[in-house]
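In: Sequence first, predicted coordinates after that:
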Amino acid sequence: GRRSLSSAMQSVAYDSGTLQLIALNHLVASDFSDSFTSASSFTRPANIQQPLLVILLISSLWAFGLAVLAMCSIRRHRAKDKIVKHQKLLGRQHRAAQSAQSPAAVLHYVTQYILETVPAV
């Protein structure tokens, strides 16, 4: 009972990537702390440069990643509004094509529908 539960939990942790995430987190944290211990003394400015460079590089990578995420979120939000407007327009055209039942209205609706659903090549 207990052994099968333990092996099942280990399998879930391994398959989900949790163990890799914990190991990577530990590696980054130890490397970060090692950058401070590599400088024997902080009394001289030359000894501070190397750990400070590591901190600045890591900070800049995080800032870049967060900026990319923010830009993607803003772009998605703007595109969402545009998609909703386009869907409303397509719905109006569909209703107009149903009520008019003229070949030109139906052709216009079908053309717009195809352009919407099939990506341009």
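Out: Received the coordinates, thanks.
In: And the most centrally placed residue in the chain, what's its pLDDT?
Out: Nearest to the centroid of the C-alpha atoms of the chain, with distances taken as Cα atoms, centre = their mean, sits Leu69, at 6.1 Å. The per-residue pLDDT reported for Leu69 equals 94.
In: now Ala67: how far from Ile74?
Out: Between Ala67 and Ile74 the computed distance is 11 Å (Cβ to Cβ, to the nearest Å). Using the backbone N, CA and C atoms, a C-beta is placed for each residue, glycine as well.
In: My error: substitute Ser59 in the last question.
Out: With Cβ to Cβ as the criterion, Ser59 and Ile74 are 22 Å apart.
In: repeat for Trp62
Out: The spacing between Trp62 and Ile74, counted by Cβ to Cβ, is 19 Å.
In: so after the lengthiest helix in the chain, what's the next helix or strand?
Out: Longest among the helix segments of the chain by residue count, using DSSP state H, is helix 45-100. Going down the chain from helix 45-100, the next helix or strand is helix 103-117, by DSSP states H and E.
In: burial count for Tyr109?
Out: Neighbours of Tyr109 under the rule other Cβ atoms under 10 Å: 19.
In: looking at it, it is touching Arg92, isn't it?
Out: No: distance between Tyr109 and Arg92: 9.8 Å, which falls outside the contact criterion (Cβ atoms under 8 Å).
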